[in-house]
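Q: Show me the folded form of this:
(chains A and B)
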Protein chains: 2
Amino acid sequence: MYKILNKVNTPEDVKKLNIEQLNELAIDIREGLFNRLTKVGGHFGPNFGIVEAEIAMHYVFSSPIDKFVFDVSHQSYTHKILTGRKKGYIEDEHFSEDSGYTNPEESEHDLFNIGHTSTSISLATGLAKARDLKGLKENVVALIGDGSLSGGEALEELNVAGSELNSNLIIIVNDNQQSISETHGGIYKSLRDLRKSNGKSENNIFKTFGLDYIYEKNGNDIESMINVLKKVKDIDHPIVVHINTQKGKGYKLAEQDKESWHWTMPFDRETGKSKFDFSGIESYTKLAYEFIMKKAKEDKDFLVLTPNMPTSMGLNPKAREELGNQFVDVGIAEEQAVAMASGAAKEGAHPLVITNMTFMQRTYDQISHDVCINNQPVTFLLNYTSLSGLTDVTHLGIYGLAMFTNIPNLVVLAPSSKSEFNNMLEWSTSQRNHPVMILMPGNEVTDRESDANFDELDKYKVEKEGKEIAVIALGDFYQRGEKLLQDIKDKLNIEATLINPRFASAVDKELLNSLLENHKIVLTLEDGILSGGFGEKIASFYGSKDMKVLNYGLEKKFYDRYNPEELIKEVGMDNNSIINDITEIM
Amino acid sequence: MYKILNKVNTPEDVKKLNIEQLNELAIDIREGLFNRLTKVGGHFGPNFGIVEAEIAMHYVFSSPIDKFVFDVSHQSYTHKILTGRKKGYIEDEHFSEDSGYTNPEESEHDLFNIGHTSTSISLATGLAKARDLKGLKENVVALIGDGSLSGGEALEELNVAGSELNSNLIIIVNDNQQSISETHGGIYKSLRDLRKSNGKSENNIFKTFGLDYIYEKNGNDIESMINVLKKVKDIDHPIVVHINTQKGKGYKLAEQDKESWHWTMPFDRETGKSKFDFSGIESYTKLAYEFIMKKAKEDKDFLVLTPNMPTSMGLNPKAREELGNQFVDVGIAEEQAVAMASGAAKEGAHPLVITNMTFMQRTYDQISHDVCINNQPVTFLLNYTSLSGLTDVTHLGIYGLAMFTNIPNLVVLAPSSKSEFNNMLEWSTSQRNHPVMILMPGNEVTDRESDANFDELDKYKVEKEGKEIAVIALGDFYQRGEKLLQDIKDKLNIEATLINPRFASAVDKELLNSLLENHKIVLTLEDGILSGGFGEKIASFYGSKDMKVLNYGLEKKFYDRYNPEELIKEVGMDNNSIINDITEIM
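A: Numbering: from 1, shown residues only, chains lettered A, B, ... in the order given. Presented below is the predicted three-dimensional model:
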């Protein structure tokens, strides 16, 4: 096991191997990938498909003097293994030392913390420009693929690299004929024509952007990759190296079902079956899926739009087929998805945009400018909005409240139960007066009675009336609020008031004023950073009044791979800390 | 005067004219444009160049059943004149009735409030998709040009329209060989090849995106335009109509100097000279210009990047030439500019990104993900960050504090004087530890002593020590704070404390704690919406303490074409209102 890999610790060691040994190294690396991915999960297809290309990159170039930029960096595992981090793959007790993305804190061979698509060429043009200012000569290499090319920034980059930079830049386009789900967009026809013609087709998107171009059909053959990279090494202008690879190569199931194997939970290597069985468990993703399928049947104006994230709501290929012309996947192109939704709403459709919160931050402008200034009734349904969702620093949902609740006209809803979630979805996709964003709860599904209509905007709901202390617990922190109320009763002998604000973007002045009568303290609990979020607005409202306000939430910080419950303690949001704070004030 | 235009009130009237009359109509319209633009200013070149095309659009299609979407909508004046709003051009007393952009509140012929680039095709694909769901058949027409094509969203749109929509969509690409400044990017070479070959070149960016294509070289000839539009009317699939026009046509000065005449202040028609003379007046734009030119000479790693907005800091063609390889205009491509800056910083450059605040909102993701997570020392210098800047709803700078001060690691600086502005610029472009955003003040230039170093982050500065009341006046509202202090003294006989926070993104806990000793009220003044902004953080800090906090700023609303001083009264931010509030509390 790991016969060759055992001897490889740095890129220098790769350069000493012959082709036969390099091929054995690829086998060892796939074994390492299997070892990690079967046990902790991660991006499968992207990494299995790029093993040979990354070996060749390290064979031909000299990192970290030559600079590698990995788009999304979800396909950098082989690079990590070859740059001193193989333990994170072949030794189970070291798994947690490596993030799933490039990370400058781990290695000087990683230049950026990256997790979003389509930025690699921009970053690389910057590296190249600064290199030129300094009179240096190293190679700058960007590796991009997996559907990232359809993102607007990637196309901006190609356009700029194709005319504004007259020095070395090597753009490796990893063409595995797939995005997260299938690819969408006219440029993929150009890529297909290029593959079919062995790079000879006149229909060449890269040349049209003004770029030099070379094609390599054997992207999974180390020797071929070494040869093509040697040709472009030290080139004096930008060039695209279009390589043809097989996503998921080396594992039959992944080669066949590319979408399911883009990313995987821990699984059994023999059967491919996930080690976790979620089938019997109710989740907000499943509720969203069920709502979408039902609504599409009832309302022929209902239109689901997604920037290549149908999986964020469990819309598998069969569901997409069933939705038919009521479903549009625009590819990875978030800006297009949002502005298209605004146009569709204007013409009377009921558009629902689905993706993860972290990817929606690319559309701040379109949400504000195209949707909200124009007050179009688009609904945004976002997954992973919670601190208990994805915990990689590049994929956090905890900035959503700060980002979106301050945009005028946008009604941001934070459901706190199954019925409320369903009712909010039904209301928002039926009304025609407001843009609405719904934050998918990050906790387990519980149920409670809910209003069905939200036409009267910005009204909080008192779920339990009490006195002295009012707890305003937003969205999926409502259940934390319930437990806090119990602790306040048990430890302080106070029957507090519990409020479910529902509207994360609003200050219910009437209700807040009414609390002044028989309350002395208002606590706010929110699932995100405090800065710019929900609680600060409550504090500002009470600023000149006789009410103490305590805001609980996260700090304005980039957190990375944390334990959610520990983080809650760290920021003093656990019940014990809160009760201490109350005691101190009283 | 206006012989034909006098008879034209609706698009129906246009359809009744013969070619000769239509040509006379174009002359009348240019007279109307002259009348308005010489007196109130506005977008000159874009409107003078598109007169014939828009007459032809209304002749061939039937708005509002057929749908027109204008990219940026800064070139929609002819369309407005032809759809019932000619008074706003030919009758001076009606100028204020028309905005400079499309506006659904003005007319059913305007579908969207639009002022940012590159979104028209997205919006149009949405209109088309909803039309198809409803089984309707109208034409959907997007008009895009003036450099908007280099924006990532425009490229996303072409990619999606080129493969995902199988129904009517007409994309008119107005090719006037110019952006705001000159065009940048490889695709403009494709457009040049197409012009030179009368549309025959194989280097066709639109076909590469999978789109059908037709070329019209005489975009300023009504008859030619009518013929080409008739050809594509009711087409059953998306098509690009590439038209060749002359920016600024009909005014020699504008035809010759396209950059200066993209947008104009009121001017004298004979000489072309602006009716305002700013030459003797000090402004923050001039200070920025001077800093940039000086810094570039002193520091060869200093790099200025802009998404086609060199004019935001007065960088005219001569200045750009002088900056040489220390200046990169990426074209309208904000995302590329920001991520490129991050890459350049990583390699040791000192990048400065310049544009207007409103356009920076397109890069929320790149600022957070590519710059701030990676903590790269990029400086953003933004113009029009104030309520007293641009007042069109699509161009407001008042959302900047809410948008950017909540992003971790980003140091947002709000200078309050000439020296402070210069010192902040010098500090931020020399240090290597933090991403920094500098908000250009919107008021007149005043001076005061300032610290030169800001290495000790997040420290507010007490500019005048007093008691009972502390006024925290942010950035260009510092001078309002000074006047408020005087009024507080005069009317309440209190010597208040005046604080210049400098760091708009920070809460100086130590200083705020020290105020508890001998102050009862803290007032915050900020130049932007309160929601998510500066003051709410101060209110939250004092939430559980014995301090009254009053936050002054704008409401979370979209304002449009307001009078700044009236708006300040409307939101109760004038000194009289504030002193009333204080009296009420005390």
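Q: So for stretch A:287-304, mean pLDDT?
A: The average pLDDT within stretch A:287-304 is 98.
Q: wait, does that stretch contact chain B?
A: Yes - judged by Cβ under 8 Å from any Cβ of the partner chain, stretch A:287-304 comes into contact with chain B at A:300, A:301, A:303. Yep, even glycine has a C-beta here, placed from its N, CA and C like the rest.
Q: And these, which of them are buried?
A: Neighbour-count burial (16 or more other Cβ atoms under 10 Å in any protein chain shown) applied to the residues of stretch A:287-304 next to chain B gives A:301, A:303.
Q: Just to be sure, which of the residues of stretch A:287-304 next to chain B are found in strands?
A: Among the residues of stretch A:287-304 next to chain B, the members falling in strands (DSSP state E) are residue A:303.
Q: which of the residues of stretch A:287-304 next to chain B lies closest to residue A:285?
A: Using Cβ to Cβ, residue A:303 comes nearest to residue A:285 of these, at 20.0 Å.
Q: now for stretch A:492-501, what's the gap between its first and last residues?
A: Stretch A:492-501 has its terminal residues 24 Å apart, counting by Cα to Cα, to the nearest Å.
Q: Could you give the number of residues near the residue nearest to residue A:98 when sequence neighbours are not counted?
A: Spatial nearest neighbour of residue A:98, chain neighbours left out: residue A:88 (3.3 Å); criterion: Cβ to Cβ, 6 or more residues apart in numbering or on different chains. Using other Cβ atoms under 10 Å in any protein chain shown, residue A:88 is surrounded by 22 other residues.
Q: From residue A:30, how far out is residue A:223?
A: 18 Å (Cβ to Cβ, to the nearest Å).
Q: An error on my part: the question was meant for residue A:450.
A: Using Cβ to Cβ, residue A:450 is found at 50 Å from residue A:30.
Q: Which single residue in the stretch 201-350 of chain A comes nearest to chain B?
A: The nearest approach of the stretch 201-350 of chain A to chain B comes at residue A:343, 2.3 Å away (Cβ to the nearest Cβ).
Q: Quick one: residues contacting that residue.
A: Residue A:343 sits next to B:69, B:122, B:123, B:124, B:125, B:126, B:127, B:128, B:129, B:130 when contact means Cβ atoms under 8 Å, 6 or more residues apart in numbering or on different chains.
Q: Out of those residues, which sit inside strands?
A: Going by DSSP E, the strands hold residue B:69 from the contacts of residue A:343.
Q: Among the contacts of residue A:343, name the ones that also lie close to chain A.
A: Near chain A, judged by Cβ under 8 Å from any Cβ, the entries from the contacts of residue A:343 are B:69, B:122, B:123, B:124, B:125, B:126, B:127, B:128, B:129, B:130.
Q: What is the neighbour count of the last one?
A: Using other Cβ under 10 Å, residue B:130 is surrounded by 24 other residues.
Q: Would you mind confirming that it makes contact with residue A:303?
A: Yes - counting by Cβ atoms under 8 Å, residue B:130 does reach residue A:303; the two are 7.0 Å apart.
Q: Overlap of the contact sets of the two?
A: Residues touching both residue B:130 and residue A:303 by Cβ under 8 Å, 6+ apart: A:344, A:349.
Q: for the stretch 1-150 of chain A, what spans make up the strands?
A: Under the criterion DSSP state E, counting those that start in this stretch, the stretch 1-150 of chain A contains strands at A:42-43, A:67-70, A:140-145.
Q: The shortest one - contacts with which helices or strands?
A: It refers to strand A:42-43. Packing contacts for strand A:42-43, counted by 3 or more Cβ pairs under 8 Å, 6 or more residues apart in numbering or on different chains; DSSP states H and E, involve strand A:263-264.
Q: got the end-to-end distance for stretch A:530-545?
A: Terminal residues of stretch A:530-545 are spaced 21 Å apart (Cα to Cα).
Q: Could you list the buried residues of it?
A: For stretch A:530-545, by 16+ other Cβ under 10 Å, it's A:530-544.
Q: Any idea how many residues pack against residue A:35?
A: Neighbours around residue A:35, by other Cβ under 10 Å: 18.
Q: counting residues per helix, which one in chain A is longest?
A: Longest helix of chain A, by residue count under DSSP state H: helix A:19-40.
Q: Restrict that one to CA atoms and write it as CSV.
A: Listed next in CSV are the C-alpha coordinates belonging to helix A:19-40 (Å, rounded to 0.1, in the frame of the first residue of the first chain):
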residue,chain,number,x,y,z
ILE,A,19,6.5,7.7,-16.0
GLU,A,20,5.9,4.2,-14.6
GLN,A,21,6.4,5.4,-11.1
LEU,A,22,4.2,8.4,-11.7
ASN,A,23,1.4,6.1,-12.9
GLU,A,24,1.8,4.0,-9.7
LEU,A,25,1.7,7.3,-7.7
ALA,A,26,-1.7,8.0,-9.3
ILE,A,27,-2.9,4.6,-8.1
ASP,A,28,-1.6,5.3,-4.6
ILE,A,29,-3.3,8.7,-4.6
ARG,A,30,-6.6,7.3,-5.5
GLU,A,31,-6.2,4.8,-2.7
GLY,A,32,-5.6,7.7,-0.3
LEU,A,33,-8.7,9.5,-1.7
PHE,A,34,-10.8,6.4,-1.1
ASN,A,35,-9.5,6.1,2.4
ARG,A,36,-10.5,9.7,3.3
LEU,A,37,-13.7,10.0,1.3
THR,A,38,-15.2,6.7,2.4
LYS,A,39,-14.7,7.7,6.0
VAL,A,40,-15.3,11.5,6.1
